[in-house]
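[1] Predicted model and sequence below, questions to follow.
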Amino acid sequence: MKRDIRINYGTLDELIGKLNSYLTALTDIEKTIKQNQQMLASQDGEAFIALEASRKKVESQLAGQKKEIQTLHSIFSNYCNRYGDLHPSKQSRYASSCESQRHLV
């Protein structure tokens, strides 16, 4: 039995936008961590050592999350670019959406 695949392009567009927002937020968090590290660099003591260990763990987790989000963003944006041509009514809407999303990856 043959079935048509139905893609909700509005949902796809929303997802790409949310991935962009998430990438921006992760980048902002990374910048904040670096700023805090610079402020705390002159400090000594056990609390600083604990904060430093925690910072390294958080940075590692952020890097992993950022890579996963970039991969998902790339998959959905590539789908948008590749299959937008097959849906002429969607083409102009998604071509512009894809163009605006490319800069973050």
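    Nice, thanks for sending it over.

[2] for this protein, what spans make up the helices?
    If DSSP state H is used as the criterion, the helices of the chain fall at 9-40, 46-83, 88-101.

[3] Report the angle between the first one and helix 46-83.
    Relative orientation of helix 9-40 and helix 46-83, computed by axes from the mean of the first three to the mean of the last three C-alpha atoms, to 10 degrees: 150 degrees.

[4] by contact count, what packs against helix 9-40?
    Applying 3 or more C-beta pairs under 8 Å, 6 or more residues apart in numbering; DSSP states H and E, we find helix 9-40 packed against helix 46-83, helix 88-101. Bear in mind the C-beta positions are built from the backbone N, C-alpha and C, glycine included.

[5] Could you measure from the residue nearest the centre of the chain over to Glu52?
    Nearest to the mean C-alpha position of the chain, counting by C-alpha atoms, centre = their mean, stands Leu23 at 3.1 Å. According to C-beta to C-beta, to the nearest Å, Leu23 and Glu52 sit 26 Å apart.

[6] Can I get the helices of the chain in JSON lines including distance to Lys2?
    As requested, these are exported to JSON lines (distance: least, C-beta to C-beta, whole Å):
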{"stretch": "helix 9-40", "distance to Lys2": "22"}
{"stretch": "helix 46-83", "distance to Lys2": "19"}
{"stretch": "helix 88-101", "distance to Lys2": "22"}
